[in-house]
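sharing a model prediction with you, sequence too.
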Amino acid sequence: MTDTVKPVGEPTPRRNPKPEVEKLGGRKLKPATLMMGHGFDPTLSEGSLKPPIFLTSTFAFESAAAGKRHFEGLTGKRPGGAEGLVYSRFNGPNQEILEDRLSVWEDAEDALVFSSGMSAIATLFLAYASQNDVIVHSGPLYAATESMVSKILSRFGITYIDFPAGASRAELDNILDQAKAKAAETGGKVAMIYLESPANPTNALVDIEAVSASRDALYGDADYKPPIAIDNTFLGPLWQTPLKHGADITVYSLTKYVGGHSDLVAGGLIGAKKFMDPVRALRNTIGTICDPNTAWMLLRSLETVELRMTRAGENAAKVCAFLKDHPKVDGLGYLGFIDDASQQDIYDRHCTGAGSTFSLFIKGGEAESFAFLDAMRIAKLAVSLGGTETLASHPAAMTHLSVSEERRAQLGITDNLVRISIGVEDPEDLIADFDNALKAV
């Protein structure tokens, strides 16, 4: 458990303090070390080395006064949320331990976990956006995120303005000016600046620092500034830490690299408590928190996330080196081989690794791409990414089919684009699989 019983009337902290082992002889321990025990005290669970799965819908209060205080936090009568365990729609030991460990990777103040990446994104938007508001977002986005903004939020009078992932500072200034003016016309506000970098599926990068600078220049010392949220699924938590570059909220599909075994679905948000509190309040109401079993599985996965991502990244570098000059390959959207100087500059400032998901452009169109996909034997034809196995898919015909053909063309999601997520298999075997599949083109 994450709470200890306090005397009646004395607040019970919502989470345990960070363990003293976080520092050893003045040395701050690294995330890979903290994943083995941070936020969990075995003495509170019969000495269990790993957290048990707490399969309960509700929790008993140590006193009536404590119950009242928890609900004062939940209902907003007192800031800070519940100070103890209440009901599994609000919190639970497995979820709280998971949130503590997720926050470690970006040295964030707080984190929240959800039943899926899209439930995290939907809860985030609904917590911040109201009728007549404007959302500014980069493009391309994951197709379901784009649909959430353009097709669902629009039903409630929320509009959007988008910009290409590689937009310059001058272009960003112009977009944010337009958004602020548009919001003023309708009596709303710019609710959020939402980024996805690297973008799905093109790997295009957004200059987070430029977005932050543009936002700050436009709003100055105003009490309200639209928060900057970024989907960091492709590179996080290992190869990019957006909070250090000006983002306020980091978004994850924990299904992908963090989960890493293609056996769970979950989402997460990381950031300062002031940005998490509105989302937590809405999550309490609509119940988008992840379940305890999924949280427990994610705790298992976090112990090896650095190992898995490192191996997959090394494999991807070897596979892409083989593909780079192949006669049947028309190009690569791989962060290890960037041709554009401005994109390389963003990469150098924001990223510490090229990742293991990339776009492969086959010479030809849909027919040639399908022939390649159907000929693969080790790589599985599936639409997820970040698992231990190598996956391949065709975004234009699969994940982004709901995006209009005109919009796909605008975003560079062409019929010859194949998205690849490299796993942890032997790299020479993977190269042989790609070589064999390309012969079918």
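Done, it's in.

okay, CA-based contacts and neighbour counts for the rest of this
Noted.

Glu83 contacts His70, doesn't it?
Yes. Between Glu83 and His70 there is a contact under C-alpha atoms under 8 Å: 5.6 Å.

quick one, strands of the stretch 51-200 of the chain?
110-114, 134-139, 159-164, 190-196 (DSSP state E, counting those that start in this stretch).

between Glu83 and His70, who's got more neighbours?
The neighbour count for Glu83 versus His70, taken as other C-alpha atoms under 10 Å, is higher for His70 (23 against 20).

look up the closest residue to the more buried one, ignoring the ones flanking it.
Take His70 and drop its neighbours on the chain: the residue closest to it by C-alpha to C-alpha, 6 or more residues apart in numbering is Ala82, 4.4 Å away.

what do you get for Lys180?
Spatially, and ignoring its direct neighbours in sequence, Lys180 is nearest to Val190 (6.0 Å; C-alpha to C-alpha, 6+ apart).

partner residues bridging the one you found?
Val134 (DSSP bridges).

pLDDT score for it?
We have a pLDDT of 98 for Val190.

how much space separates it from Ala129?
8 Å (C-alpha to C-alpha, to the nearest Å).

name the residues contacting each of the two.
Residues touching both Val190 and Ala129 (C-alpha atoms under 8 Å, 6 or more residues apart in numbering) are Ile135.

quick one, which of those two is more surrounded?
The neighbour count for Val190 versus Ala129, taken as other C-alpha under 10 Å, is higher for Val190 (27 against 21).

quick one: contacts for that one?
Contacts of Val190 (C-alpha under 8 Å, 6+ apart): 133-136, 179-180, 183, 226.

these: which two are farthest apart?
Within the contacts of Val190, Ala183 and Pro226 form the most distant pair, 11.9 Å apart (C-alpha to C-alpha).

tell me if Val38 really is in a strand.
In this structure residue 38 is His, not Val. No. His38: not assigned to a strand; according to DSSP: H, G, I helix; E, B strand; the rest coil it is coil.

so the residue lying closest to His394 once chain neighbours are set aside: helix, strand or coil?
Distances taken as C-alpha to C-alpha, 6+ apart place Val418 nearest to His394, at 4.9 Å, with adjacent residues excluded. Following three-state DSSP, we place Val418 in the strand state.

contact partners for Val418?
359-362, 369, 392-395.

model confidence score at the nearest residue in space to Val305 that is not next to it in sequence, please.
Of all residues not flanking Val305 in the chain, Val258 sits nearest, at 6.0 Å (C-alpha to C-alpha, 6+ apart). pLDDT, Val258: 98.

surely Val258 meets Glu306?
No. Checked against C-alpha under 8 Å, the pair Val258 and Glu306 is beyond contact range at 9.2 Å.
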